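K.L.:
whatever this is, show me its structure:
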Amino acid sequence: MLKLNLKPEPTWLEIGGGLRVKVPPLDTAILRAVEYQAFQAYAAMKSVANAGDDTVTLDTVAVARLEGAYALARTRALADQIMDWEGIGGEDGSALAPAGAALDAFAAHPMAGPAFARAYEATVGPLLAEGNGSGNSLPGDGAGATATAPDASPAGTGDAAVAPPSATPRKAAKA
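P.N.:
Predicted coordinates for the structure are as follows:
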């Protein structure tokens, strides 16, 4: 059963080390905007890396930099949703509002940025698991998916509802 949140209210996420951030519920509109912003940053950096020539094969270091830039852009786009935070301050310990350069620095922090992104994206994990009756799996391979239908019967047992393609009669081609 899909459980809908009919009164979506911002929540505080604990991201470790005494850091907390207040964010709205992660929804489709936010996720699509995050994906778009991250892709735009990736495309711009890729264009610079390959000098505008998509036929150029990038070396592994360039590819790793692009993947890192994509992850940072994604985290920064998610950070735009932060409404308030606790445990985060300037170099002198003064309070900082979650805006502009402070969000840039937060997203780029090697521990806090990724921890925030994981925590925020994990809030939709239960919905994704409920989604279509299949378990979470790695993209493309279905390795972790749970079966939603029984296996088809083995060929030749007479239980199959559809004949295999090789059994379908075909007209001979005219020469």
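
K.L.:
could you point out where the chain is predicted with low confidence?
P.N.:
Residues of the chain that meet the criterion pLDDT under 70 lie in 1, 125-175.

K.L.:
could I get the full set of helices for it?
P.N.:
28-49, 60-79, 100-108, 112-122, 125-130 (DSSP state H).

K.L.:
what's the third one in contact with?
P.N.:
I take that to be helix 100-108. Under the contact criterion Cβ atoms under 8 Å, 6 or more residues apart in numbering, helix 100-108 has outside partners 72, 75-76, 78-80, 82, 85, 88, 90, 96, 98, 112-113, 116. Heads up, the C-betas are built off the backbone N, CA and C, glycines and all.

K.L.:
okay, it in PDB with CA atoms only?
P.N.:
Written as PDB, here are the backbone C-alpha positions of helix 100-108 (Å, rounded to 0.1, in the frame of the first residue of the first chain):
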ATOM      1  CA  GLY A 100      24.600  31.600  -1.100                       C
ATOM      2  CA  ALA A 101      28.300  31.000  -0.300                       C
ATOM      3  CA  ALA A 102      27.400  29.200   2.900                       C
ATOM      4  CA  LEU A 103      25.300  26.600   0.900                       C
ATOM      5  CA  ASP A 104      28.200  26.300  -1.600                       C
ATOM      6  CA  ALA A 105      30.700  25.600   1.200                       C
ATOM      7  CA  PHE A 106      28.300  23.200   2.900                       C
ATOM      8  CA  ALA A 107      27.600  21.200  -0.200                       C
ATOM      9  CA  ALA A 108      31.400  21.000  -1.100                       C
END
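
K.L.:
report the angle between it and helix 60-79.
P.N.:
Going by axes from the mean of the first three to the mean of the last three Cα atoms, to 10 degrees, helix 100-108 is angled at 130 degrees with respect to helix 60-79.

K.L.:
then the first one?
P.N.:
For helix 28-49 against helix 60-79, the angle between stretch directions is 150 degrees (the same axes, to 10 degrees).

K.L.:
what's the answer for the fourth one, then?
P.N.:
With the same axes, to 10 degrees applied, the angle from helix 112-122 to helix 60-79 works out at 60 degrees.
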